[in-house]
Structures are given as structure tokens and as C-alpha cells.
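K.L.:
any chance you can model this:
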Amino acid sequence: MSSVSTDYWHLVEDDSGRDKIQCDLCPRFCNLSEGQRGLCYVRGRENNQIKLFSYGKSSGFCIDPIEKKPLNHFYPGTSVLSFGTAGCNLACKFCQNWDMSKSREMETLASSALPEQIAQVAKKYNCKSVAYTYNDPVIFLEYAVDTAIACRQDNINNIAVTAGYICEKPREKFFHYMDAANVDLKSFDTKFYKKLCGAELESVLDTILYIHSETNCWLELTTLLIPGHNDSQKEIHLLCEWVAAHLGENVPLHFTAFHPDWKMQDVPPTPASTLSQAREIAKKTGLNYVYTGNVHDTVGSSTYCSNCEKLLIKRNWYELGEWHINDGYCEYCNSKVEGRFSETRGNFGARRIPLYHYFNR
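P.N.:
Next up, the predicted model:
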């Protein structure tokens, strides 16, 4: 257990012959001088190696419903202990968690939140899972992996809420320890990724394909629809067609509503009608499980059988109502419902329980 990364960097020389360390965690490949931080801010060069400065520190802990991640097919109705650190390796102008992901105030993080402590608190509160979220967990990979190992010893699942911007070697280790992931597919346009996120779409697609085909990690996708930027019918068609062709019809896809934030406060909120239209496009493309989020839409947030189309799980925000799944199969036609389901539904509901008192500041 260490805050020093031994695997994801190597020595290089710049054009002037000065030695640099290249961080190989994500496709940004930051070249760092001694004492310099990468764009993510939590990884940097110290004593001629890469150090994770946020190891054992968190920006906050909260028990949430699993549907808030959002994951609708991973033990619905159960509770999840959520936490993150600071910083991010993307530069999204529309970031909805900018107070954490853009933070440079490391001293505001909890000073004592070691992996074993997190597992113990999750167990104490009967959380089915721990989620690495709020900011992107790939940048605190060592911390997340050590926590995941501690959680697995207590049969607690591990969930990554991520933008998927990570290189091949660290990707293998990170997702080996994750039981579920929601990947934020921010757009299906390369220009959008470059201009609004400072990243490359292809690397994200590679991560999504890897999770789907090379791991046992349950996968769901989320796209935040931003008016005038990534909400055209043409782009939504292209995104859905890629999902259907490369991932199949059973990977859940969430379309969620944007609200003005960070550096895009001049953009209006996403109309509910845009989300409903995107959902219809996805369903016509052949996708079986398509959801709307960040709006009150009982139809768009509920789960239906892919065969008989009857209502299986009714959702009102994060509250579960009707439940017609038996051991992972439709109660009406006995068709398989893709995902991970318990014998009975969870009943955590829409509660949100902050947990600051268990971790020293």
C-alpha cells in the first residue's frame, strides 16, 4: 500500500535535453519536471518518481442509492458508499462536479480515509457496494485499487464512475478490481471532445470496448445531453448505432439532463423532451435498456422487459415501486433481464446519508 506509482511512468528527455518523467496513466502523457504536477493535479513528480498526492484523502463520503451513479441493472435499490478525491484528467467546460474535480485545495480533503477504514464503514452501514466517483477514479488508481481489495475481503462490490480516459496497462489493473462501471460517453464527436473536454474520443471508446469484451465488470453508459452541443438527432443516432454494433443491445444507456455550470453557464438546461426523443431514437436503433436522468420521468427511468415489454421495475426518482423480476428473469415471460440482481429488490430508497464523522479531517 503506497502513494508512489511504480508502474505508470518512464524517463524521457525534452527538446533541450532536460530529463522529464512522463506519466503513462492516461493519454494526456504529462511530461513533468521535479516538483511539477500533472493536469489532474493529484499525480506529480517527487524524488524522481510519480506520486499520488491524494492517497488516503477524500473530498467527502456519502451513502447513496445505486441508481444515482447511475446504475439501473446492478443490484437495484441497494445502497452504495460513494467517495472521491480532487482533480481530474479531463478539462470539461460543463463539469457538473467542478467543486471537486477542479479543486486544487488538497488540504480540504479528509486527512484519514484509508482503504481498510472505507471497507469497515461500508460494512457497518450494510452497503452493497463502494463507488469511486465525484471526480474520475482513474487518476487515484492506487488508492482505488487498494480500497477495492479491502472491500472484496468483506464481499463488498466496487463501482467505477469514470470518463474512461486511461491507458491500456493501468486500465487492465483498474478494471480487474471493479465489479461495475458507468462510463461517461460525453459525445460521439471528436471535435466536442477536443474543444470542450481537452481529450480524445477514441481513447474513451477503447476503454468501453475493453470493459465490455475483456472483463467481468458490469457496464452501463451515460451521455449528458447539452443543448446545441451534442444533442442533435444525427449524433444521437451515430452514438446508438455504435453501441448496438460494438456492445450489443443489452448495455444500458442513460441520457441525462445538463444544468448550467462551471464555464458553460450561458447554456440553457436540457429540456425533458430532448431526453425523451433521444430515448426513442435509441430504442428504434434496437437498444433494450434506455433511460433518462436528472429529470422526473417515471417512464424513462423504469425498466421494461426486452421481450414482452412489460414493466419490470418502476422508478420514481430513486424510489422503486413495482418489481417483476425473479432471479434475473422476467416474471411474465421468463426472458433474461441483463444485469446483476439479488433474489429480492433493495429497499434503500432515495435517502442520502453524508458520513463525515467517521473520517478525521
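K.L.:
helix/strand/coil for the residue nearest in space to the middle of the chain?
P.N.:
Residue closest to the average C-alpha location in the chain (Cα atoms, centre = their mean): Val161, at 1.5 Å. Secondary structure assignment for Val161 (DSSP: H, G, I helix; E, B strand; the rest coil): strand.
K.L.:
hang on, it packs against Asn182?
P.N.:
Yes: with contact defined as Cβ atoms under 8 Å, Val161 reaches Asn182; the gap is 5.2 Å. For every residue, glycine as well, the C-beta is placed using N, CA and C.
K.L.:
so who does the closest residue to Leu52 other than its chain neighbours touch?
P.N.:
Spatial nearest neighbour of Leu52, excluding adjacent residues (Cβ to Cβ, 6 or more residues apart in numbering): Ser3 at 4.8 Å. Going by Cβ atoms under 8 Å, 6 or more residues apart in numbering, Ser3 touches 51-53, 55-56, 142-143.
K.L.:
picking that back up, quickly list what's touching both of Val161 and Asn182.
P.N.:
With Cβ under 8 Å, 6+ apart, Val161 and Asn182 have common neighbours Lys69.
K.L.:
ok but Ala113 is inside a helix, no?
P.N.:
No: read with three-state DSSP, Ala113 is coil and lies in no helix.
K.L.:
and it, how far is that from Asp146?
P.N.:
Ala113 is 12 Å from Asp146, where distance means Cβ to Cβ, to the nearest Å.
K.L.:
same check on Lys284?
P.N.:
44 Å.
K.L.:
of the two, give the one with the bigger neighbour count.
P.N.:
Using other Cβ atoms under 10 Å as the criterion, Lys284 and Asp146 rank with Asp146 on top: 21 against 10.
K.L.:
the more buried one against Pro115, yeah?
P.N.:
Yes: between Asp146 and Pro115 there is a contact under Cβ under 8 Å: 4.4 Å.
K.L.:
low-confidence ranges in the chain?
P.N.:
Confidence mapping of the chain against pLDDT under 70 gives the ranges 1-2, 4-6, 97-111, 357-361.
K.L.:
and the helices in it?
P.N.:
Secondary structure of the chain (DSSP state H): helices located at 98-101, 115-124, 141-152, 168-176, 190-192, 201-214, 233-246, 272-285, 298-301.
K.L.:
what's the most buried one of those helices?
P.N.:
helix 141-152 (a mean of 22; mean count of other Cβ atoms under 10 Å).
K.L.:
could you dump it to CSV, C-alpha only?
P.N.:
Provided in CSV are the C-alpha atoms of helix 141-152 (Å, rounded to 0.1, in the frame of the first residue of the first chain):
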residue,chain,number,x,y,z
LEU,A,141,-5.9,4.3,-9.3
GLU,A,142,-3.6,3.1,-6.5
TYR,A,143,-5.9,4.4,-3.8
ALA,A,144,-9.0,2.9,-5.6
VAL,A,145,-7.4,-0.5,-6.1
ASP,A,146,-6.2,-0.8,-2.5
THR,A,147,-9.7,0.1,-1.3
ALA,A,148,-11.3,-2.3,-3.8
ILE,A,149,-9.1,-5.1,-2.4
ALA,A,150,-10.1,-4.3,1.1
CYS,A,151,-13.8,-4.2,0.1
ARG,A,152,-13.7,-7.5,-1.6
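K.L.:
quick one: the strands in the stretch 251-361 of the chain?
P.N.:
Assigned by DSSP state E, counting those that start in this stretch, the stretch 251-361 of the chain shows strands spanning 253-257, 290-293, 303-304, 311-316, 319-323, 325-326, 329-330, 353-354.
K.L.:
can you redo the ones you listed as TSV with distance to Ser79 and mean neighbour count?
P.N.:
TSV is the format used below for the strands of the stretch 251-361 of the chain (distance: least, Cβ to Cβ, whole Å; neighbours: other Cβ atoms under 10 Å):
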stretch	distance to Ser79	mean neighbour count
strand 253-257	19	24
strand 290-293	19	22
strand 303-304	19	22
strand 311-316	16	19
strand 319-323	12	16
strand 325-326	19	16
strand 329-330	24	18
strand 353-354	8	11
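K.L.:
dump those strands into CSV; add distance to Ala131 as well.
P.N.:
Output for these, formatted as CSV (distance: least, Cβ to Cβ, whole Å):
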stretch, distance to Ala131
strand 253-257, 15
strand 290-293, 16
strand 303-304, 20
strand 311-316, 18
strand 319-323, 18
strand 325-326, 22
strand 329-330, 27
strand 353-354, 14
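K.L.:
what's the domain layout of the chain?
P.N.:
Domain assignment for the chain, taken from automatic domain parsing, gives 4-52, 60-354.
K.L.:
follow-up on the earlier one: narrow the contacts of Ser3 to those in strands?
P.N.:
51-52 (DSSP state E).
K.L.:
could I get the contacts of Ser3 as JSON lines with distance to Phe94?
P.N.:
Below are the contacts of Ser3 laid out as JSON lines (distance: Cβ to Cβ, whole Å):
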{"residue": "Lys51", "distance to Phe94": "30"}
{"residue": "Leu52", "distance to Phe94": "27"}
{"residue": "Phe53", "distance to Phe94": "26"}
{"residue": "Tyr55", "distance to Phe94": "29"}
{"residue": "Gly56", "distance to Phe94": "30"}
{"residue": "Glu142", "distance to Phe94": "29"}
{"residue": "Tyr143", "distance to Phe94": "26"}
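K.L.:
which one of the contacts of Ser3 is nearest Tyr75?
P.N.:
Tyr143 (23.9 Å; Cβ to Cβ).
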